[in-house]
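> sequence? don't have it. structure:
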């Protein structure tokens, strides 16, 4: 059982950290762009909210309780990234309670969509008739740890940019969010779902 946990934990960790699957990395960074290093507790809650959201649909889709068009999901994932990044751009620089709370809703609700994307990968590696409890749990734990790694690396870079190089928090948030929004828009157009 431990070896199975280790295998699926590693798969979840590798899946979220895989630069070829950068869509989930972009979403996590977009969620974090409005925060500073001192907000580490909020960030941990935020990442966990995303995990809760995607864990629900990951389980439902892996168990074939929910079936969705994978092309639709591949279109919706960059839409979630674009909405989150655009929200960061148009909001005031402070992360007042309302903005922070909005990000929690983004994390949970958009996590549901991302979980459907994760499910295609997990279903492709699970064997038929296999008990999915341990693989689901360990895969989600791997994804959670991977997301925390992404947050830590991003926040260290953000801290260096704003602390050592004098970039304002507002400029950092706008530049990062604008870049992410541009990439997400390209992904939406490349998905071919609209045309």
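Ah, there it is. Remember, it's a predicted structure, so these values are computed and weren't measured experimentally.
> now the helix or strand residue 26 falls within: buried residues?
According to DSSP states H and E, residue 26 maps onto helix 22-32. Within helix 22-32, the residues that qualify as buried by neighbour count (16 or more other CB atoms under 10 Å) are 23, 24, 25, 26, 27, 28, 29, 30, 31, 32. Yep, even glycine has a C-beta here, placed from its N, CA and C like the rest.
> what's the answer for stretch 186-194, then?
Taking 16+ other CB under 10 Å as the neighbour-count basis, stretch 186-194 is seen to contain the buried residues 187, 188, 191, 193.
> so for that stretch, mean pLDDT?
Taken as a whole, stretch 186-194 carries a mean pLDDT of 89.
> can you check stretch 159-179 too?
Stretch 159-179 comes out at a mean pLDDT of 94.
> and the longest helix anywhere in the chain, what does it pack against?
Ranked by number of residues, the top helix in the chain under DSSP state H is helix 97-125. In this structure, helix 97-125 makes packing contacts with helix 2-17, helix 22-32, helix 40-62, helix 70-90, helix 133-159, judged by 3 or more CB pairs under 8 Å, 6 or more residues apart in numbering; DSSP states H and E.
> rewinding a little: quick one: which of the buried residues of helix 22-32 is nearest residue 55?
The shortest distance between residue 55 and any of those, using CB to CB, involves residue 24 and amounts to 13.6 Å.
> wait, doesn't the closest one sit right on residue 114?
Yes. At 6.0 Å, residue 24 counts as touching residue 114 under the criterion of CB atoms under 8 Å.
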